[in-house]
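**Q** no sequence for this one, just the structure:
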């Protein structure tokens with residue numbers, strides 16, 4: 001029989017995998033250059049998944065604790081960078097598409113008048129809902145890491 005936290009951990013893994021699949025499927029593959037944005041999205045989803053997996057195991061050895069803390073630091077850094085990019089609209093895909101779409105701006109003006117941009121609050125709420133499995137995994141990892149950090153302070 002699964003404990004309640006193990007059951008919810010499984011639900012978080014399933015929701016994270018679905019979100020990962022949906023987001024990565026929506027990104028187009030760029031033909032030229034290194035796909036930095038795709039690489040960041042991979043790290044954005046996979047590092048918190050590894051943290052969530054480590055959450056369920058006792059980390060008794062110092063090497064495992066330091067590795068968990070390092071992975072948590074990388075994960076929090078990437079989550080912060082990706083959420084800022086999500087809020088500001090700066091992504092590698094947008095920059096490449098922006099160059100090719102400059103010539104067709106006149107034709108898209110009529111379509112743009114019908115579409116209203118969501119406000120910043122709705123953008124934040126949308127990102128929190130979409131990336132809630134990642135944010136939950138990072139929150140649980142921070143709760144687990146706090147007792148490991150206290151002796152270091």
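**A** That came through fine. For clarity, every value in this text was computed on a predicted model and none was experimentally measured.

**Q** what sits against the residue nearest the centre of the chain?
**A** Nearest residue to the geometric centre of the chain (Cα atoms, centre = their mean): residue 44, 4.0 Å. Listed by Cβ atoms under 8 Å, 6 or more residues apart in numbering, the contact set of residue 44 reads 78-79, 82, 134. Yep, even glycine has a C-beta here, placed from its N, CA and C like the rest.

**Q** was I right to think residue 132 contacts residue 48?
**A** No: with contacts counted by Cβ atoms under 8 Å, residue 132 stays clear of residue 48, the gap being 11.1 Å.

**Q** more neighbours: which of these two?
**A** Set side by side, residue 132 and residue 48 show more neighbours around residue 48, with 28 against 15, by other Cβ atoms under 10 Å.

**Q** count of neighbours near the closest residue to that one other than its chain neighbours?
**A** The shortest distance from residue 48 to any non-neighbouring residue, by Cβ to Cβ, 6 or more residues apart in numbering, is to residue 137 (3.8 Å). Burial measure for residue 137: 26 neighbouring residues, criterion other Cβ under 10 Å.

**Q** looks like residue 137 contacts residue 12 (just checking).
**A** Yes: if you go by Cβ under 8 Å, residue 137 and residue 12 touch, sitting 6.3 Å apart.
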